[in-house]
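1. pasting the sequence and the predicted model now:
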2 protein chains.
Amino acid sequence: MSQPHDRVYNFSAGPSTLPVSVLETAQSEILNYRGTGMGVMEMSHRSAPFEAILQEAKANLTKLLGIPENYKILFLQGGASTQFAMLPMSYLHNGAVGRYVLTGTWGKKAVESAAIYGSTEVVFDGKAANYNDIPSENIEARPGAAYLHFTSNETIQGVRFPGEPKWQDPLVCDMSSDILSRPVDVSRYQMIYAGAQKNMGPAGVALVIMSDEMLAKSADGLAPMFDYKVQAENDSLYNTPPTWAIYICGLVYKHLVDTGGLAAAQDRNERKAKLLYDAIDHSHGFYKGHAVKSARSTMNVTFTLGSDDLTKKFIKEAESQRMDGLKGHRSVGGVRASIYNAFPEEGCAALADLMRDFAARNG
Amino acid sequence: MSQPHDRVYNFSAGPSTLPVSVLETAQSEILNYRGTGMGVMEMSHRSAPFEAILQEAKANLTKLLGIPENYKILFLQGGASTQFAMLPMSYLHNGAVGRYVLTGTWGKKAVESAAIYGSTEVVFDGKAANYNDIPSENIEARPGAAYLHFTSNETIQGVRFPGEPKWQDPLVCDMSSDILSRPVDVSRYQMIYAGAQKNMGPAGVALVIMSDEMLAKSADGLAPMFDYKVQAENDSLYNTPPTWAIYICGLVYKHLVDTGGLAAAQDRNERKAKLLYDAIDHSHGFYKGHAVKSARSTMNVTFTLGSDDLTKKFIKEAESQRMDGLKGHRSVGGVRASIYNAFPEEGCAALADLMRDFAARNG
C-alpha cells in the first residue's frame, strides 16, 4: 500500500484518491488502449472495445456487490444531484409520496429537489442535533409510498448507517460516499445510486442499480435523457456516455475484485478508521468526534479541536507533512479526514501520529 | 502532424481523435498534476489547482471564440442530449414557442425532446431530400418565439451551414460537431451549446455559452441541476463537475491557441476536407457525396459507393491500412469520414489515395 514519494496523502472528500495501480494502467493506455491504436477517450462508444469495457465493468460490479439478475446497472451523467431530480420525476406521479430520512446535508438536498416534482414526507430529520446520528426507532411503512430514501453515509457530517435498515417501504439509497466500502445486500433495495468520485472513479458518472420492478413503475412521457427505461433499454448508450469515467470505474472494480472483494475492503476500511477514532477517543477531549459512536462513518472522520486557531494550526502542520484536504465543511467545522477505499492505511497512521503529537504539544 | 506509428487514423464520428500532444501532457500529469501530489481526477473541484484549470479553460475559450463579456460559459453534464431538454424546460413557459430548423438527425431529436415541454414549430425540415441541404430561403422572425434552434453541422448527414444564418429570432445553436473548427460571431447567438467529444475533449461534458439576456429569461422553480441560473451563479460548480473532462478540454483550448487559433484551424480543416471531396468529385461518379456541394461539412465527409458489397470491401481495405471508423450511419449508408480538428491531414491524404486507387481497381 506504499505510494510514490511525490504523492500527498489526499484526504479530499471527493473527488478523491484513486488506486495508484489504476492510474498507472490508465497512464500506459492513454494513447493506445490495448493495441486498438487509440485511447479510450477517443473511442466510439459503439465500438467493440468500448462495449467490452462496459460489459466487463458491469460484470465485475455484479461480482463485487452480488447484484441479482433482476436488477439493471446504469451509468448516467449529472452525478447524484441529477438523481435527486430524476428519481422524483419518475416516481412521484399519481399522488405517490416520496419519503425521506435526513441524516445530513445530502439527504436534505435530495428532498428539496424532490419537492419540486411531487409530494414528499420527511420521516426523520437529525437537524436538531446537527446531524450527528441516524434514526433509532423503526420507521413504519406507509401505504402508497413510492419509496423511502436515505443516505447511507453523509460525507459532510461523517454519519452513517451500520447496515441495511429494517424499514419495509421500497428502499432507495444514495450510496455516493460509501458504495463498495463494504458488502451490501442489494436485494433489500429497489434502487441504489452513487456518484463515482469517492469510491469508484472520476467525477462525471453516476451509477444506478435498479430493480426491474422499480424500473417498470417509472413514469411515461419523460425526456429520453431523464427516463430510466430509455437508459436501461439502451444499456446506458442512449447518447454518448462518459466513456473515460466508465473505463476508470471498470479498472477500480477490477482492482477491488483482485484485492479480495468487499469483505476485504471493509476490513481495511475499519482498520483505517479505527486508527483515527482511537486517536480521538484517547485524546482526553482534545479532539471531539462529531458523530455519535454508533453512527460513525468509516469513510469521513469528522472532529473538532478546541478553537478555530488550533484547527488552523493543526491543518497547517498536516499540510507541511504532505497531508492534504483536511479542512472540515463549514457547516460542521473542524477537521474532516476522508479515507475512502483507495486511501492508504499508512496515511491514516501518519495522521493519527500527528494527532497524538499535536495534542501533546498543544493540550 | 505526424503521429506515433502505433496509432490508427481514427475517423470515428465521436468520441474522436484528440491531439497527441494533449494526450501526452495528460499522460505525464495523471499521477501528479504539476507538483500538487495528486492527479486531476483525484482533486477537489473546490481546490485552488482545479479552480485555476477551470478559469484557464474559460480564458482560452474566450480568446478562441472572442466571447463577449455579457456571455456566461458553463460546463454541464449529460451531453447535447440533455440540452435538448434543459433548453425547452427553461424557455418554453408562458406559451412561448421554440422554433426548430431540421437539417438532420440531431435537429430532429432536439425538437422531439422540446415538444415534451412546450410549443414547438418546425420551420424547415430537410427530410424529403434525406437531409442533404440547408434552408435556402430566409426564415421570417416570429413574435413570441423563445428561440430559433438549428444544428450548425449534422454529423450523420455531413451537412452544415457555411456561416451564421441571417435570421432575426433569438438564435440557439447546437454546435456539437463543428465548434472550434472555424471562427464564429458569438454575438449573433443567444446560446451556443456543444458536447465535447468531437472537437474539444472526452465525452461527459457539454459546453454552454449563453448571453446574460437569455439567462435572465430562464424559468424559475426548476431543479437546481437543470437551472441555467443556478449553474451560472455557481460557475459550473453547483455540484461536482466532470473535472477530468474539463481539464482535457482546457488542454485542447490551449493547444488551439498555441497553433494559431480558429482561423488557422479553419484553414487546416478546409484543406483536409478538400482532399476527400476532390477524390469524390474526380471519381466520375464512383463515389457520390451525400450533401449538396454548398452545404458540405468540413467535419463529416459522407459518401456512398455503387453497392453495399463495394462499400464493405472499401471499408475493409481501409481497415487493413489502419484507417478506422469509416462505416456510415445506417440512415445514410455508405462511408462517413469524420475529420475533426485533431484529425491529422496525412490521414486525409491516405484516405484520398485509397479512394483513387480503389476506384481504379473496382470502377
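-> That came through fine. Residues are numbered from 1 along each chain as shown, chains lettered A, B, ... in the order given.
2. from here on, just use CA atoms for contacts and neighbour counts.
-> OK.
3. and A:Glu164, helix, strand or coil?
-> coil (DSSP: H, G, I helix; E, B strand; the rest coil).
4. that one contacts A:Arg188, doesn't it?
-> Yes. With contact defined as C-alpha atoms under 8 Å, A:Glu164 counts as touching A:Arg188 (7.5 Å).
5. joint contacts of those two?
-> By C-alpha atoms under 8 Å, 6 or more residues apart in numbering or on different chains, A:Glu164 and A:Arg188 have no common neighbours.
6. ramachandran coordinates for A:Ile156?
-> Note on A:Ile156: backbone dihedrals following degrees, to the nearest 10 are phi -80, psi -40.
7. just list the residues touching it, thanks.
-> A:104-105, A:300, A:302, A:328-329, A:331-332, A:336.
8. do that again at 10 Å, thanks
-> Going by C-alpha atoms under 10 Å, 6 or more residues apart in numbering or on different chains, A:Ile156 touches A:13, A:104-106, A:131, A:300-302, A:328-333, A:336, A:338.
9. next one: A:Lys108
-> With C-alpha under 10 Å, 6+ apart, A:Lys108 has these contacts: A:100-102, A:114, A:122, A:125, A:127, A:150-151.
10. do A:Gly35 as well
-> A:Gly35 touches A:29, B:6-8, counting by C-alpha under 10 Å, 6+ apart.
11. go on, A:Phe314?
-> A:Phe314 is in contact with A:305, A:308, A:320, A:326-327, A:334-335, A:354-355, A:358-359, A:362, counting by C-alpha under 10 Å, 6+ apart.
12. which of these are buried?
-> The neighbour-count test (16 or more other C-alpha atoms under 10 Å in any protein chain shown) marks A:305, A:326-327, A:334-335, A:354-355, A:358-359 as buried among those.
13. which residue comes closest to A:Thr243 once chain neighbours are left out?
-> In this structure, A:Thr243 finds its nearest non-sequential neighbour in B:Ala203, 6.3 Å apart by C-alpha to C-alpha, 6 or more residues apart in numbering or on different chains.
14. now the phi/psi pair for A:Thr155, please.
-> Backbone torsions for A:Thr155, taken as degrees, to the nearest 10, come to phi -60, psi -40.
15. I figured it hits A:Ala291, correct?
-> No. Judged on C-alpha atoms under 10 Å, A:Thr155 makes no contact with A:Ala291 at a distance of 11.4 Å.
16. joint contacts of these two?
-> By C-alpha under 10 Å, 6+ apart, A:Thr155 and A:Ala291 have these common neighbours: A:297, A:301-302.
17. closest to A:Leu64 among the residues you listed?
-> Proximity of those to A:Leu64 (C-alpha to C-alpha) peaks at A:Ser297, which lies at 20.8 Å.
18. number of residues surrounding that closest one?
-> A:Ser297: 29 surrounding residues under other C-alpha atoms under 10 Å in any protein chain shown.
19. off-centre distance for stretch A:306-313?
-> Centroid separation for stretch A:306-313 versus its chain: 29 Å, with C-alpha atoms, centre = their mean, to the nearest Å.
20. what about that stretch, near chain B?
-> No. Contact between stretch A:306-313 and chain B is absent, the nearest approach being 16.8 Å (criterion: C-alpha under 10 Å from any C-alpha of the partner chain).
21. in that stretch, what counts as buried?
-> A:Thr311.
22. got a list of contacts for that stretch?
-> In contact with stretch A:306-313 (C-alpha under 10 Å, 6+ apart) are residues A:285-288, A:303-305, A:314-319, A:327-328, A:333-335, A:358, A:362-363.
23. can you give me the buried ones in stretch A:249-263?
-> Across stretch A:249-263, burial judged by 16+ other C-alpha under 10 Å covers A:249-257, A:261-263.
24. could you list which of those belong to helices?
-> Counting by DSSP state H, the buried residues of stretch A:249-263 place A:249-257, A:261-263 in helices.
25. give me the neighbour count for A:Ala216.
-> 11.
26. where does the stretch 51-200 of chain A come near chain B, residue by residue?
-> Looking at chain B, the residues of the stretch 51-200 of chain A close enough under C-alpha under 10 Å from any C-alpha are A:76-86, A:109, A:112-117, A:195, A:197-198.
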